[in-house]
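S.K.: sequence first, then the predicted structure:
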Amino acid sequence: MNALEILAAEERRGPAPRLHAFPLPAEWGVTLHLLDESVHPTGSLKHRTARAMFRHALRTGRIREGTTIVEATGGNAAVAEAYFARLLGLPFVAVMPRRSSPEKIERIEQYGGTCRLVHPPLAIYDEARRFAEECGGYYMDYLANGSRAVAAEGEDDVGRVLLDRVTPEWVVVGAGSGATSTAIGREIRRRGLDTQLAIADPENSAYFPGWALGVDDYATGMPPRIEGIGRPRMEAGFTPSLVDLVVPVPDAASVAGMRILQEVAGLRAGPSTGTALWAAFQLAAKMCRERRVGAIAMLICDDGALYENTYCSEAWLDGKGLNPLPWVDAFGRFLETAKLPLTSEHL
């Protein structure tokens with residue numbers, strides 16, 4: 001079995017993501033659907049993107065037998081790439097900031113990956129490129145190449161998977177590399193749908209101000225605190241022309257969204273899903289004000305169990321200056337009144 005056949009077999013074996021319903025009041029006439037991408041073997045949406053990137057690199061000759069795969073991240077993307085590298089019998093090296101948590105290092109190493117720790121944090125990109133050249137490997141660079149690979153390998157497109165299941169008024173997603181939002185935006189247009197695409201953006205991320213100002217290379221220079229989405233600069237894989245709205249979301253509201261999702265719907269998810277939930281509720285409140293009915297769809301991006309020692313820890317949240325409790329109350333009031341404050345000034 002060659003490498004592409006191995007990837008195809010892995011995809012066939014994988015569980016189909018379930019479409020969950022968040023229990024909004026029936027009298028609103030607004031429904032909220034969540035496609036659960038945490039069911040993949042490595043527990044996140046990045047699993048699908050990594051598989052597309054390996055397929056694309058194999059088909060374009062960038063990966064061959066024995067090629068060392070290099071990536072510059074310690075997050076879910078690195079975990080997924082380590083998984084696929086091991087599946088194909090390839091060495092994998094994640095270049096990560098020196099202060100990366102032991103849990104992140106362990107997740108990569110459990111799939112046979114090796115972690116190279118560097119300082120300062122922004123040096124990981126140059127170091128990954130340098131190391132790949134030195135060892136004759138391939139720097140995957142999911143930030144630059146994720147959208148391109150997903151577009152080329154359309155059979156593994158989350159936009160197709162979602163829109164085969166539901167035709168919503170809005171789709172709400174976060175943006176990291178931009179691969180997911182671009183894939184969904186392209187699929188909406190390919191189908192000729194009236195569906196609109198909204199991006200939920202955490203604090204310090206460049207996507208909201210860049211989109212609002214029409215500056216495609218906008219940069220904040222400050223790393224977002226919500227893992228998995230948001231960037232200090234607008235990445236090349238993000239396509240503003242496919243986006244109808246970008247919703248800025250307070251970080252504490254993202255954490256509150258995690259809690260509400262579990263308490264009300266019984267679904268565990270990470271903070272990026274909490275970010276999207278806040279934006280989805282903003283859109284639901286708007287639809288209720290305008291007396292419009294219809295569906296909203298979003299993704300469960302990863303499993304909340306991955307964040308037991310961080311976003312699920314009161315001590316960790318205190319250390320980061322994040323207090324989700326006022327936002328939890330705001331979520332609760334929304335489910336009773338269909339009204340949601342736009343900023344912390346209204347809490």
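M.R.: Yep, it's here. Numbering: from 1, shown residues only.
S.K.: from here on, just use CA atoms for contacts and neighbour counts.
M.R.: Noted.
S.K.: now what about whichever strand or helix holds residue 130, what contacts it?
M.R.: Using DSSP states H and E, residue 130 sits in helix 124-135. Under the criterion CA atoms under 8 Å, 6 or more residues apart in numbering, residues 68-73, 94-97, 118, 137-139 lie in contact with helix 124-135.
S.K.: next: stretch 286-302.
M.R.: 28-38, 43-45, 166-173, 269-270, 272-273, 276-277, 280, 284, 338.
S.K.: from what I see, residue 229 and residue 179 are in contact.
M.R.: No - here residue 229 lies out of contact with residue 179, judged by CA atoms under 8 Å, at a distance of 11.1 Å.
S.K.: so which of the two has more stuff around it?
M.R.: Shown here are residue 229 and residue 179; by other CA atoms under 10 Å, residue 179 has more neighbours (29 against 22).
S.K.: can you tell me, leaving aside adjacent residues, what's nearest to that one?
M.R.: In this structure, residue 179 finds its nearest non-sequential neighbour in residue 147, 4.0 Å apart by CA to CA, 6 or more residues apart in numbering.
S.K.: what residues are up against that neighbour?
M.R.: Contacts of residue 147 (CA under 8 Å, 6+ apart): 177, 178, 179, 180, 182, 183, 237, 238.
S.K.: what's near enough to touch the closest residue to the second one other than its chain neighbours?
M.R.: Distances taken as CA to CA, 6+ apart put residue 238 closest to residue 178, at 4.0 Å, once the chain neighbours are dropped. Counting by CA under 8 Å, 6+ apart, residue 238 touches 147, 175, 177, 178, 179, 181, 182.
S.K.: state the distance from residue 238 to residue 157.
M.R.: Shown here: residue 238 relative to residue 157, a distance of 16 Å by CA to CA, to the nearest Å.
S.K.: flag the shaky bits of the stretch 101-250 of the chain, pLDDT-wise.
M.R.: 155-156 (pLDDT under 70).
S.K.: and the helices in it?
M.R.: 102-109, 124-135, 142-152, 158-163, 179-191, 207-213 (DSSP state H, counting those that start in this stretch).
S.K.: got the buried residues for the fifth one?
M.R.: Along helix 179-191, the positions that meet the burial threshold by neighbour count (16 or more other CA atoms under 10 Å) are 179, 180, 181, 182, 183, 184, 185, 186, 187, 188.
S.K.: now the residues you listed as JSON lines including distance to residue 256?
M.R.: Conversion of those to JSON lines gives the following (distance: CA to CA, whole Å):
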{"residue": "179", "distance to residue 256": "26"}
{"residue": "180", "distance to residue 256": "23"}
{"residue": "181", "distance to residue 256": "23"}
{"residue": "182", "distance to residue 256": "27"}
{"residue": "183", "distance to residue 256": "28"}
{"residue": "184", "distance to residue 256": "26"}
{"residue": "185", "distance to residue 256": "27"}
{"residue": "186", "distance to residue 256": "31"}
{"residue": "187", "distance to residue 256": "31"}
{"residue": "188", "distance to residue 256": "30"}
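S.K.: which single one of these is nearest to residue 334?
M.R.: Among the buried residues of helix 179-191, residue 181 lies closest to residue 334 (CA to CA), at 26.4 Å.
S.K.: that closest one touches residue 175, doesn't it?
M.R.: Yes - using CA under 8 Å, residue 181 is in contact with residue 175, at 6.4 Å.
S.K.: shared neighbours of the two, anything?
M.R.: 199, 238.
S.K.: report the distance from the helix ranked longest in the chain to the chain centre.
M.R.: As assigned by DSSP state H, the longest helix anywhere in the chain is helix 271-289. In terms of CA atoms, centre = their mean, to the nearest Å, the centre of helix 271-289 is set 16 Å apart from its chain centre.
S.K.: so for it, what gets flagged as buried?
M.R.: Residues of helix 271-289 classed as buried: 271-285, 287-288 (neighbour count, 16+ other CA under 10 Å).
S.K.: same check on stretch 103-123?
M.R.: Burial within stretch 103-123, assessed by neighbour count using 16+ other CA under 10 Å, is assigned to 104-105, 107-109, 111-118.
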